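A.B. asks: Make a model of this:
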Amino acid sequence: MSLFRKSSRLPGPAEALPGRSEPMAISGRHQVLGTPMAGPFAPPLQSVLFGLGCFWGAERLFWRLPGVYTTSVGYAGGHTPNPTYEEVCSGLTGHAEVVQVVYNTEKTSFDTLLKTFWEEHDPTQGMRQGNDVGTQYRSVIFTSTQDQLDAAEDSKDQYEAALLAAGRGRITTEIASAPPYYLAEEYHQQYLHKNPGGYCGLAGCGITYA
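C.D. replies: Residues are numbered from 1 along each chain as shown. Have a look, this model is predicted:
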């Protein structure tokens, strides 16, 4: 089976690739913000995982926001521990490409992050985002607190109502408490800072999150 097949079905645990016990070795320093990419993070910092398609453009969206302390990209929501990018692209890990956003709750709000999340991609597309097709491109919010989870669910209902009123489809975003998060390879971290002309396929629906 090709490692580069485009799957629209999430694998079960018995189908998933075995992965490995060793985490990805990275520098650990954010190339734009100069902050650590890995925790632990103490209050007033909180973290959340967002998946909205290819993680290169998604990370750039969030590191530019005031009050964001650090970001990193990686994989979450599947079964394979410490996967490689090629394994995730195979559709045989169950992981989504995600960006971890660590923000200062005294300088910004979770709702500000949600506004960027909803408006900057199309959350109605299921296992794809634009021309990027596969389970790794699905829309997800993985939260680290119950308050975040409740707010994310409420925001989904609110934004879905706005989308439906505009003639768009229902939201397919997966919202859940955060599963294990595995950092991606070094070259993916802050990719569009290192490669300013690099690919970004994100496009919103043109509907405001109020």
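
A.B. asks: residue ranges of the strands in the protein, please?
C.D. replies: 45-52, 68-76, 96-104, 128-129, 132-133, 139-143, 174-177, 181-183 (DSSP state E).

A.B. asks: how about those in CSV, adding distance to Asn195?
C.D. replies: No exception for glycine: its C-beta is placed from N, CA and C like everyone else's. Shown next, in CSV, are the strands of the chain (distance: least, CB to CB, whole Å):
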stretch, distance to Asn195
strand 45-52, 19
strand 68-76, 14
strand 96-104, 16
strand 128-129, 19
strand 132-133, 17
strand 139-143, 24
strand 174-177, 29
strand 181-183, 19
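
A.B. asks: right, so of those, which gets closest to Glu120?
C.D. replies: Of all those, strand 45-52 sits nearest to Glu120, with 6.6 Å by CB to CB.

A.B. asks: Walk me through which strands that closest one pairs with, and which way each runs.
C.D. replies: Strand pairing for strand 45-52, using DSSP bridges, gives strand 96-104 (antiparallel), strand 139-143 (antiparallel).

A.B. asks: Relative to Ser27, which of those strands is closest?
C.D. replies: With respect to Ser27, and counting by CB to CB, the nearest of these is strand 96-104 at 15.5 Å.

A.B. asks: how about that closest one: buried residues?
C.D. replies: If you call a residue buried by 16 or more other CB atoms under 10 Å, then strand 96-104 has these buried ones: Ala96, Glu97, Val98, Val99, Gln100, Val101, Val102, Tyr103.

A.B. asks: Which helix in the protein has the most residues?
C.D. replies: What stands out as the longest helix in the chain, according to DSSP state H, is helix 146-165.

A.B. asks: Just give me the neighbour total for Gly198.
C.D. replies: 13 (other CB atoms under 10 Å).
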